[in-house]
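Trainee: just the structure for this:
(one chain, ligands or ions: 1)
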Amino acid sequence: MTSATGLRVEAPTSDLDPFCDEFLTDPYPGHAALREAGPVVYLSRYRVWALARHADIDAVLKDPEAFCSSAGVGLTDFRKETPWRPPSLLLEADPPDHTRARSVVSRVLTPPAVRRLRDEFARRADELVASLVARGEFDAVGELAEVFPVAVFPDAVGLAVDGREHLMAYAAMVFNGFGPRNAHFERSLRNAEQVQAWIAANCEPDAVSPDGLGAKLHAAAREEGYSPAEAARLLRSFLSAGVDTTVYALGNAVACLAEHPDQYAALRADPSRARAAFEEVLRFRSPVQTFFRTTTRPVEVGAPDDAVTIPAGEKVLLFLGAANRDPRRWADPDQFDIGRRAVGHLGLGAGPHACVGQMMARLEGEVILTALAGRAAELHLAGPVRPRLNNTLHGLDSLPVRVVA
Ligand code: OVV
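Mentor: Have a look, this model is predicted:
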């Protein structure tokens, strides 16, 4: 077997397709097989190198010099093919460019800035959950997970109200776009022009309200010396990464709790565990399952006794969701346990690119789970659970639940 760059592959090879419907629906058997096969498995179908062990993925994420992001963090190699959208200045960049962009965004998403959102987010979470619990039965995706982030996050950013439905359509494109051009990516590209035009128009400095995070980002970017077009591109990162990820996370959170009544009872008994419960959801059912890196030089992966050298210029697929269930790192990894120390999971990444919006994501998860635990004595599945297949995101399209007030 020879790699994408024409060199001999010294790792085990597999024809596994991590973007086929079967794998996307239930990735966990595939994860286990990859983890057990070795530190690195060559996926012949896509000519990429796959990592599924926690220690190796953690190390790769912390080594941007050898494993770069500027060639894209999806399957497409930006040095060989033109990306479907202009690259993100944050996600698809390396130090020092990335460092500069990250510092601008960090100045906006500060702990005090997120803290200031807490009361309003909590109030709106409780209002939404109260109205759903009063009904007894509802769809925890269509009526909860998909409603809450789309309401609170764009308000915090200061986005126009008209056309917000395009946010979900855009994120579907972005996250499918990290995978191959399969049916999922093609489906999400329907209406792409109109959606992208709305996104671009609403990232402009005069499109955002003057008191929101969007305006603060434009100001911070200008201060750093970015042009208005670059500042708008930075704001595009908020719209790309800030909505769908939390929609999937909230859906997964309710699913985990509905499927594990003992864990829901433990949360109910002490709603102050909501934050820990959400963290365990990010580990156990990671909304963001994968990202790629590209090697800048030949680089060894694995422990000294089983290390594999990946040549330069190769795509490396990191299975974050597999790392989060690696028995080398976690006791009883397939057990959903809100009492465990889930910190150290890679659901929000690690290293210089670790999720910059993680405090906001955690806030959204915490306030929804707090409201649910405070208002629903019982939480049960009440119908068929339907997955929503996406090349990067793992979650649900429909989750019918029944609650007892
Ligand atoms: C983490 C993430 C996901 C998707 C898009 C972006 C970031 C971006 O920066 O555009």
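
Trainee: quick one, helices of the stretch 1-150 of the chain?
Mentor: Assignment of helices within the stretch 1-150 of the chain using DSSP state H, counting those that start in this stretch yields the ranges 21-25, 28-37, 54-61, 97-108, 111-115, 118-135, 148-157.

Trainee: for the first one, packing partners?
Mentor: Other helices and strands packing on helix 21-25, by 3 or more C-beta pairs under 8 Å, 6 or more residues apart in numbering; DSSP states H and E, are strand 386-389. (C-beta placed from N, C-alpha, C; glycine too.)

Trainee: what strands line up against the strand it packs on, and which way round?
Mentor: According to DSSP bridges, strand 386-389 forms sheet pairs with strand 394-398 (antiparallel).

Trainee: what comes up buried for the partner strand?
Mentor: 394-396 (16 or more other C-beta atoms under 10 Å).

Trainee: helix or strand right after it?
Mentor: Following strand 394-398 in sequence order, the next helix or strand is strand 400-404 (DSSP states H and E).

Trainee: what are the pairing partners of that next one, and which direction each?
Mentor: Short version: by DSSP bridges, strand 400-404 pairs with strand 137-139 (antiparallel), strand 378-381 (antiparallel).

Trainee: quick check: mean pLDDT of it?
Mentor: When pLDDT is averaged along strand 400-404, the result is 97.

Trainee: returning to that earlier point: of all the strands paired with strand 400-404, which one is nearest residue 22?
Mentor: Residue 22 sits nearest to strand 378-381 of all those, at 22.3 Å, using C-beta to C-beta.

Trainee: now find how far off-centre that closest one is within its chain.
Mentor: Here strand 378-381 is found 26 Å from its chain centre; the criterion is C-alpha atoms, centre = their mean, to the nearest Å.

Trainee: how about the strands in this structure?
Mentor: With strands called from DSSP state E, the chain shows them at 13-14, 41-43, 48-51, 67-68, 137-139, 290-295, 299-301, 308-310, 315-319, 378-381, 386-389, 394-398, 400-404.

Trainee: nearest to residue 90 among those strands would be which one?
Mentor: Per C-beta to C-beta, nearest to residue 90 of those: strand 290-295, 13.2 Å.

Trainee: would you turn the strands paired with strand 400-404 into a markdown table with distance to residue 18?
Mentor: Conversion of the strands paired with strand 400-404 to a markdown table gives the following (distance: least, C-beta to C-beta, whole Å):
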| stretch | distance to residue 18 |
| --- | --- |
| strand 137-139 | 28 |
| strand 378-381 | 27 |
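
Trainee: kindly reformat those as CSV containing mean neighbour count.
Mentor: As requested, the strands paired with strand 400-404 are exported to CSV (neighbours: other C-beta atoms under 10 Å):
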stretch, mean neighbour count
strand 137-139, 18
strand 378-381, 17
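
Trainee: save those as TSV, and put in distance to the ligand and mean pLDDT too.
Mentor: As requested, the strands paired with strand 400-404 are exported to TSV (distance: least, C-beta to the nearest ligand atom, whole Å; pLDDT from 0 to 100):
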stretch	distance to the ligand	mean pLDDT
strand 137-139	26	98
strand 378-381	30	98
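
Trainee: between the ones you listed, which gets nearest to residue 79?
Mentor: strand 137-139 (43.3 Å).

Trainee: what are the contacting residues of that closest one?
Mentor: 132, 144, 382, 398-403 (C-beta atoms under 8 Å, 6 or more residues apart in numbering).
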